[in-house]
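> I'd like to go over a predicted model; first the sequence, then the structure.
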Amino acid sequence: MSTVRTDDDTWDIATSVGSTAVLVAAARASETDRPDALIRDPYARILVEGAGTGMWEHFLDSSIAEKLTEVDPEAVAMFTHMLNYQAVRTHFFDAFFTEAAAAGIRQVVILASGLDSRAYRLDWPAGTHVYEIDQPLVLDYKAKKLAEHDVQPIAERHEVPVDLRQDWPAALTGQGFDPSQPTAWLAEGLLMYLPAEAQDRLFELVTELSAPGSRVSAETVGHHSEERRAQARERFEKFADQLGIEQTIDMQTLTYNDPDRAEVTDWLNAHGWLASGERSTDAMRRLDRWVEVPMADDADAFSTFVVAQKA
């Protein structure tokens, strides 16, 4: 089981926050296998299968829903919701990058990129540079695993191996990033791993590095009551025990459930951006992927997908 976060913790692809990147990639692989897939990530399974044994293997098990039904019908809804959410989230941010590229932006920064394969799978215009910021071991794993399968990036891909708690702007510019050029920034699956004040600082730095016309998109963090968190942990432990799933990840020890966290849309609108957001629940309904789940009546528990442009 994962331990509580510390100021100087680090990870590779199979531990702590790094292992959540494998879970997300497994969800993309599962979605890609669907006949009605919202997104196509032909490299997700390669990355997951190279990560060793872990809970992510159950995301790739097509019989998992049937097994869960025998244990807890509610768990089926939660599991389906989790996979659908990842598909809708990926679809939303793929569209963000497609629109940014169509607007002429040729500089992209993916913050805490994990096993994101967009540099390899999106149809980038010639001359596009994609900068991926993450822990050195995570970036190294992804590049080596895809190279083993002769997978080459479509865009000009730049690794920026640095922790976001360090001087990542210096590392980014050191890899050739040009702050005078418009940039498309993405913070997907990131903010929940940052304390509230670190989130503010992240967007302050993004703003400083963004030329007029730059764009940013982010997944906000839903706040969960302690009662909801306890219920979610109890439910997961129940079906994990029944299915024999080894619990190597405890999301509640990896994330920051800060009620004082700034609303991203409001923060950006107050700092020189024109921002708007779509609630993830609305996006899931729009794409016909909504599933009724136990927490459906708790509006604060769900994230919002934010897009903004710098004036």
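Yep, that arrived.
> Skip ahead from the helix or strand hosting residue 94 and say which helix or strand is next.
Per DSSP states H and E: residue 94 is located in helix 73-102. Scanning forward in sequence from helix 73-102 by DSSP H and E, the next helix or strand is strand 107-111.
> That next one packs against which elements?
Judged by 3 or more CB pairs under 8 Å, 6 or more residues apart in numbering; DSSP states H and E, strand 107-111 is in contact with strand 129-134, strand 184-187. For the C-beta atoms, the positions are set from N, CA and C on the backbone; glycine is no exception.
> Residues contacting the last one, please?
For strand 184-187, the external contacting residues (CB atoms under 8 Å, 6 or more residues apart in numbering) are 93, 96-97, 100-101, 105, 107-112, 202, 206, 210, 214-219.
> okay, the angle between the helix holding residue 94 and strand 107-111?
160 degrees (axes from the mean of the first three to the mean of the last three CA atoms, to 10 degrees).
> Could you pull out the buried residues of helix 73-102?
75-81, 83-94, 96-97, 100-101 (16 or more other CB atoms under 10 Å).
> re the thing from before, and the buried ones among the contacts of strand 184-187, selectable in ChimeraX?
Typed into ChimeraX, the line below selects the buried ones among the contacts of strand 184-187, using 16+ other CB under 10 Å:
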select :93,96,97,100,101,105,107,108,109,110,111,112,202,206,210,214,215,216,217,218,219
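> for stretch 34-51, the distance to its chain's centre please.
Relative to the centre of its chain, stretch 34-51 is centred 15 Å away, using CA atoms, centre = their mean, to the nearest Å.
> Show me where the stretch 101-250 of the chain dips below the pLDDT cut-off.
Where the stretch 101-250 of the chain drops to pLDDT under 70, the residues are 223-232, 235-250.
> how about a cut-off of 90?
Within the stretch 101-250 of the chain, the set of residues satisfying pLDDT under 90 comprises 221-250.
> which residues of it fall in helices?
Taking DSSP state H, counting those that start in this stretch as the criterion, the stretch 101-250 of the chain contains helices spanning 118-121, 136-148, 168-174, 196-208, 226-243.
> want to try CSV for these, with distance to residue 301 as columns?
Putting the helices of the stretch 101-250 of the chain into CSV (distance: least, CB to CB, whole Å) gives the following:
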stretch, distance to residue 301
helix 118-121, 27
helix 136-148, 28
helix 168-174, 30
helix 196-208, 17
helix 226-243, 6
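> what's the pLDDT at residue 311?
Residue 311 is assigned a pLDDT of 87 by the prediction.
> quick one: the nearest residue to residue 31 once chain neighbours are set aside from residue 81, how far?
Excluding the flanking residues, the one nearest residue 31 by CB to CB, 6 or more residues apart in numbering is residue 87, at 4.2 Å. Using CB to CB, to the nearest Å, residue 87 is found at 11 Å from residue 81.
> One more: residue 152?
For residue 152, the distance to residue 81 (CB to CB) stands at 35 Å.
> And residue 177, by the same measure?
Taken as CB to CB, the span from residue 177 to residue 81 is 37 Å.
> Same question for residue 169.
In terms of CB to CB, residue 169 sits 36 Å off from residue 81.
> does the spatially closest residue to residue 74 that is not a sequence neighbour count as helix, strand or coil?
Leaving aside its chain neighbours, residue 74 sits nearest to residue 294 (6.1 Å; criterion: CB to CB, 6+ apart). Recorded secondary structure, residue 294: coil (DSSP: H, G, I helix; E, B strand; the rest coil).
> ok, now residue 305?
Applying three-state DSSP: residue 305 is strand.
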